[in-house]
Each structure stands twice: as C-alpha cells, then as structure tokens.
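In: Predicted model and sequence follow; I will ask about them next.
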Amino acid sequence: MIGTIVVLVLLLALFFYIVSIFNNLVALRNRFKNAFAQIEVQLKRRYDLIPNLVETAKGYIKHERETLEAVIAARNTAVQGLQAMKQDPGNAAAVGQFAGAESMLGQAMQRLNVVMEAYPDLKANQNMMQLSEELTSTENKVSFARQAFNDAVQAYNTYKQSFPPVLFAAVFGHSQDASLLEFEDRQAIQAAPKVSF
C-alpha cells in the first residue's frame, strides 16, 4: 500500500511538473507576442507621422517628387509587412520580410533627410520641426520596444531549448523557435566609420 502511494505521489508530481512546463511555454510565448504588440503601437504612430512629414515637405521641395514618392511607397510596404508579421510574430519568414521593409523605409527616410538639408526654409518650418521631433521620439520608442521583444523572444527560445522543456515543447505546439527582430543593415554595422582629422 505504501509503495502504491509513493508511486501515485511521484506520478502526481511529474504531472504537475509537466503542467508547469506547458504553462511556462505559454506564458513566455504570450510575453513575446505582447512585446510585439508594443512595437506595433509605436510603428503605427510612426507610419501615421510619415505622410504628414511628406505633405509638409511637398510645398518646399517640389523638384524632389521622386524622393517623396519613394518614402510613401516604402512606408506602405512597411505597413503591409507589419500586418503580415502581426499574424505570427515569431515566424522567421514574416520577421525577415518585415525587417527588409523597415530597412527600405529607413533608407528612404535617410534620402528625405539629405534632401531636406538642402532646403533651410523647410528645416526652419515649425510643423516640420515638430514632426521631426515626434518622429525621433517615436524611433526611440520603437528601439526600446524592439529590445523588449528580442529579450522576450530570447527568454522563450532559451526556456524551450533547455532540458527538460525541450522534451515537451514540440508536443505542446512549440516546435519552432521565435525569430529576433533586427532592422539594421548588416553591411552598415560591419563597416566601421572612417574619421580623419
């Protein structure tokens, strides 16, 4: 009788341990999905600011229509990438597509900034200064939100790959690792800036 009780207690302990693994996997997956939702909020804010910035710039840089159209096209592509990633924030293909769209948007915005430098009246415009400040603030918030997302993804992947959760992860529907979200251009990171005096 005592042997049966010991076996039942061990089985019950094992059951609760497996349940805790399942609950931790779900909690960590929900944490990185919530972290992505925070990125989404900031990106939507940025995407809403960009058309206002372009409209303000239009009156000043009439000869730079191609640059303005490139910014709007890149913004629209990034919005589509965000919607695709929203369906499954951990999917590597969706993350890669979205990161590529964000990179294109960043390049288009850099070209717009270069063009704006040639127009001092535009830079001095109160609306342009306010929009630029809001855009910079939003960029900082996107960076913080992306870091929180990547931290949550790393915690999820680490827990899922550790022993013994690795034995149960696939059974519980957690077979694929979530992907980190990286916007930076790898070539720009690898090339050190050259400074001459």
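Out: Everything's here; your move.
In: where does residue 177 fall, phi/psi-wise?
Out: phi -70, psi 150 (degrees, to the nearest 10).
In: swap that for residue 88, please
Out: Main-chain torsions, residue 88, degrees, to the nearest 10: phi -150, psi 90.
In: Kindly report the same for the one 3 residues further on.
Out: Phi and psi for residue 91, reported as degrees, to the nearest 10, are phi -70, psi 130.
In: Distance-wise, check it relative to residue 153.
Out: Counting by Cβ to Cβ, to the nearest Å, the gap between residue 91 and residue 153 amounts to 12 Å. The way it works is simple: take the backbone N, C-alpha and C, and place the C-beta from them, glycine included.
In: Then residue 47?
Out: Distance of residue 47 to residue 153, given as Cβ to Cβ: 23 Å.
In: Pick out whichever of those two has more residues nearby.
Out: residue 153 (25 against 16; other Cβ atoms under 10 Å).
In: Just the element for that one, please.
Out: In this structure, residue 153 sits in helix 126-161 according to DSSP states H and E.
In: Run the chain-centre distance for that helix.
Out: 7 Å (Cα atoms, centre = their mean, to the nearest Å).
In: Same check on stretch 37-53?
Out: Averaging C-alpha positions (Cα atoms, centre = their mean) puts stretch 37-53 12 Å from its chain's average.
In: hmm, back to that, elements contacting the helix holding residue 153?
Out: helix 2-58, helix 165-169 (3 or more Cβ pairs under 8 Å, 6 or more residues apart in numbering; DSSP states H and E).
In: nearest residue to residue 180 other than its sequence neighbours?
Out: Nearest in space to residue 180, with sequence neighbours left out and distances taken as Cβ to Cβ, 6 or more residues apart in numbering, is residue 150 at 4.9 Å.
In: any idea how far residue 96 is from residue 45?
Out: Counting by Cβ to Cβ - residue 96 and residue 45 are separated by 23 Å.
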